[in-house]
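Undergrad: Pasted the sequence and its predicted model underneath.
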Amino acid sequence: MIIHVMDLEDGDVLLTDMFNKYGLLVLSSGTVLTGESVSRLLQHQLDNVDIVPRSVKPEDTTHPFHANYSKWKDNYLEAVQSAEAVFEMARATGTIDGDFVQSGFLTLSDSFEGKNDIAFMLLTLNQNDDYTYRHSIQVGMICYYLAKWLGKSEAECRSVGTAGYLHDIGKTKTPIELLTKPGSLTEEEFKIIKEHTSEGFSLISESIGNTEWALTALQHHERLDGSGYPYGLKGNEIHQMSRIVTIADIYSAMITPAPYRKSRDLLNVLRELHHMSFGKLDPHITQVFIRNMLPNMIGKEVTLNNGETGKIVLTNPTDVFNPLIQIEDHFVDLAQMSHLWIVHFVTDEIA
C-alpha cells in the first residue's frame, strides 16, 4: 500500500526498507511508524512509503476535509476575529499581547490535525474577510505545514506558524487608505508601505521579545540575491524562519484576491515559486513546499486550455507541473502533450 508520508497514521507498519538518495538506510521494514518516523522520512526527502495494508474499512466517499469542515470553519472564523483584535490593539495602543496572539493562532492550529490538504483548505476559505487578517492567518497556516514538511518538531511548527501569523503586524502603522488603495501605488506610497517591516520588528521586539518572530517581520521581503527590502540582505544573512515565512507570504498573496490585484491560479503560482527558487528564494524550502503541495492535487478537477474538464489522477515526479489527467473514459498525460496545459482548478463550493 503506497501512501504519501503526510497521510501516515500512528501505528502504520513499514512494508519495505526505506533508503535515502545516498543509499543509506533510514527506516527498516516492520517499523511501527510514529510522528517521529514521519519527521525522519521528511528530513531525508522521502515522500511516499509502502506500508502494510490497513484493516479494511467501509468505503467512505466523503472528502476527509468536507467531513469536519463545519468545525474547522468555526475555528477559522474565530481566528479571523482574533487576528482582527490583535491588529486593532496594535493599531490603537502600539503593543501586542503575546498570550492572546498564541491562543488565537493555536486554536486554529489545533484543528489542523489530520488535515493535510492545505491547498484545498486555502481555496475554500471565505474570500470576503478583510484581506489583512485573512492573509495573516493563511500565511500562519502555510508556515505551520511547511515547517512540518521540513521535519520540524510540533513546538517549532507552532512557533514558525505564529511568526507567519504576525509577519505583517507592522501594517498597523501603515495608513489604511494605502492598504486598501485599488490602483497602483506611487513611488512615495510604496516607500511608506515598505516601512511595515521595520515597524513589525519594533512591535514584536518591544511587546513580546521573541527575536525570531521579530526578524521574520523585518526580513520577509528580503531575497537571497539581495533584491529585497528593507536592507537588501543576501544568502545566509537571512534567517531560516524568515525564508519559510517569505515563501508562505508570496504563495498566499498570489492565490488570494486583494484590493489592488486579482488572485492567480494555484498551479501557475507553484510554477512561479519554482522559478523564483533559482536565486531569490531558498531552493530547498521552496522545493519541499512544491513537492508536498502537488500530491494534494490528486483528485482535483481542472480545466484545460482546450476547454475540457478532467481530474488529476497522478503527478509526474519528473515533470511535476504536468500531471496525468482523466477526462471521462480516457487519460491525458500533459507531459507528453505540449499543446495542452491546466488553465485553472475547479474549486468546490462548500456551505
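TA: Thanks, I have it.
Undergrad: where do the strands sit along the protein?
TA: 2-4, 18-19, 25-27, 48-50, 301-304, 309-314, 324-327, 330-333, 342-345 (DSSP state E).
Undergrad: residue contacts, residue 79?
TA: Going by C-beta atoms under 8 Å, 6 or more residues apart in numbering, residue 79 touches 104-105, 107-108, 137. In this view, the C-beta of every residue, glycine as well, is placed from N, C-alpha and C.
Undergrad: among those, which two are most distant?
TA: Largest separation among these by C-beta to C-beta: 107 and 137, giving 11.0 Å.
Undergrad: Compare those two (neighbour count), which wins?
TA: Between residue 107 and residue 137, counting by other C-beta atoms under 10 Å, residue 137 is the more crowded of the two (25 against 15).
Undergrad: Okay, and which of the contacts of residue 79 map to helices?
TA: Assigned to helices by DSSP state H, the following of those qualify: 104-105, 107-108, 137.
Undergrad: Residue 48: how many residues sit nearby?
TA: Using other C-beta under 10 Å, residue 48 has 13 neighbouring residues.
Undergrad: Report the beta-bridge partners for it.
TA: Note on residue 48: beta-bridge partners by DSSP bridges are residue 4.
Undergrad: just use 29 as the starting number from now, easier for me
TA: Renumbered: residue one is now 29, and that last one reads residue 76.
Undergrad: Touching, it and residue 34? I think so.
TA: No: in this structure residue 76 lies outside contact range of residue 34 using C-beta atoms under 8 Å: 10.1 Å.
Undergrad: Let me see the contact set for the nearest residue to residue 74 once chain neighbours are set aside.
TA: Distances taken as C-beta to C-beta, 6 or more residues apart in numbering put residue 46 closest to residue 74, at 5.8 Å, once the chain neighbours are dropped. Neighbouring residues of residue 46 by C-beta under 8 Å, 6+ apart: 53-56, 69, 72, 74, 77.
Undergrad: same deal with residue 225?
TA: Residue 225 neighbours (C-beta under 8 Å, 6+ apart): 198, 245-249, 257-258.
Undergrad: hmm, which of the residues you listed are the buried ones?
TA: Buried members of the contacts of residue 225, scored by 16 or more other C-beta atoms under 10 Å, are 198, 245-249, 257.
Undergrad: Show me which of those residues is closest to residue 342.
TA: Nearest to residue 342 among the buried ones among the contacts of residue 225 is residue 248, at 34.7 Å by C-beta to C-beta.
Undergrad: contacting residues for the closest one?
TA: Contacts for residue 248 (C-beta under 8 Å, 6+ apart) come out as 195, 225, 270, 273-274, 277.
Undergrad: mind running it again at 6 Å?
TA: With contact taken as C-beta atoms under 6 Å, 6 or more residues apart in numbering, residue 248 is in contact with 195, 270, 273-274, 277.
Undergrad: Show me which helix or strand of this structure is least confident by mean pLDDT.
TA: Every helix and strand of the chain was ranked by mean pLDDT, DSSP states H and E. The lowest is helix 92-95, at a mean of 48.
Undergrad: and residue 52, how many neighbours?
TA: 9.
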